[in-house]
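Visitor: Fold the following for me, if possible:
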Amino acid sequence: MTAIETATVDAGCFWGVEHAFRRKFGSKLKRTEVGYAGGQTANPNYRQVCGGDTGHAEVLQIDYILAELSFEELLDFFYRSHDPTTLNRQGGDQGTQYRSSILYHNEEQRVQATSFTDRVRPKFGSKGIATIIEPVGQFYKAEDYHQLYLDHNPSGYQCPTHFERSWEKIEQSHH
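Guide: Prediction:
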C-alpha cells in the first residue's frame, strides 16, 4: 500500500501558493485543496477570513506520496517560494490570514519543520524568519471557486512574492 502523507502550509494568498506547488511538484501531489486553518471560528467563509477576525489563515493542504516526495522537499520549496521574513504579509496582502506558517499534522512533522527552519534561518540574514510552526487543528475547505483558481482564471491575481528562488539568491538578497 502506498503511504500518503498530508502537509498544510500558509504562504500568503492561497491561489498563488496552490498554483506554485502544483507547478513545481505536479503528479507527485495526489490532492491539493485550499482552505482555512489556524483560527477559532467554525466553518468560516472567505469574507469572514478576509475580515481578519476568525484567526484563520488562507492555507494549502497537500496529500503526497511519501515514496515520491518528502516533507523536507515541501519545506524547502515552501521557504523558497514566498517571503517568510514578513509578519502577516505577502506582497500587498496584509493581515493574519496571510501569515507564513507550517501547520503540522504530527510530532514528526513538527520536529522536521522546526529543524529545517532552524537550518535555513541564517540564509535570511538579519530579517530573520517570521514563519509560525503550529498544530493544524481543524481544516475547513474553501469555497469551490477558490480551488485551482489560477488554473481556471489564468489572468487572476497572483501575489508577486510567489515564485521559486534559489538559496543563493535568498542569501544574496538578505546579506
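Visitor: so how far is Y64 from K127?
Guide: For K127, the distance to Y64 (Cβ to Cβ, to the nearest Å) stands at 30 Å. For the C-beta atoms, the positions are set from N, CA and C on the backbone; glycine is no exception.
Visitor: which one of those two has more residues nearby?
Guide: Just comparing K127 and Y64: by other Cβ atoms under 10 Å the higher neighbour count belongs to Y64, 23 against 13.
Visitor: would the more buried one count as being in a strand?
Guide: Yes: according to DSSP: H, G, I helix; E, B strand; the rest coil, the state of Y64 is that of a strand.
Visitor: Is it in contact with T8, as I believe?
Guide: No: with contact defined as Cβ atoms under 8 Å, Y64 does not reach T8; the gap is 11.7 Å.
Visitor: and the helix ranked longest in the chain, which residues are buried?
Guide: Ranked by residue count and defined by DSSP state H, the top helix of the chain is helix 107-120. By neighbour count on 16 or more other Cβ atoms under 10 Å, the buried set for helix 107-120 is 109-110, 112-113, 116-117, 120.
Visitor: now stretch 76-85
Guide: Under the neighbour-count criterion of 16+ other Cβ under 10 Å, stretch 76-85 has 77-85 buried.
Visitor: Save the residues you listed as JSON lines, and put in distance to R99, pLDDT and secondary structure too.
Guide: Formatted as JSON lines, these follow (distance: Cβ to Cβ, whole Å; pLDDT from 0 to 100; DSSP: H, G, I helix; E, B strand; the rest coil):
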{"residue": "F77", "distance to R99": "18", "pLDDT": "98", "secondary structure": "helix"}
{"residue": "F78", "distance to R99": "13", "pLDDT": "98", "secondary structure": "helix"}
{"residue": "Y79", "distance to R99": "14", "pLDDT": "98", "secondary structure": "helix"}
{"residue": "R80", "distance to R99": "18", "pLDDT": "97", "secondary structure": "helix"}
{"residue": "S81", "distance to R99": "15", "pLDDT": "97", "secondary structure": "coil"}
{"residue": "H82", "distance to R99": "11", "pLDDT": "96", "secondary structure": "coil"}
{"residue": "D83", "distance to R99": "12", "pLDDT": "95", "secondary structure": "coil"}
{"residue": "P84", "distance to R99": "10", "pLDDT": "97", "secondary structure": "coil"}
{"residue": "T85", "distance to R99": "12", "pLDDT": "96", "secondary structure": "coil"}
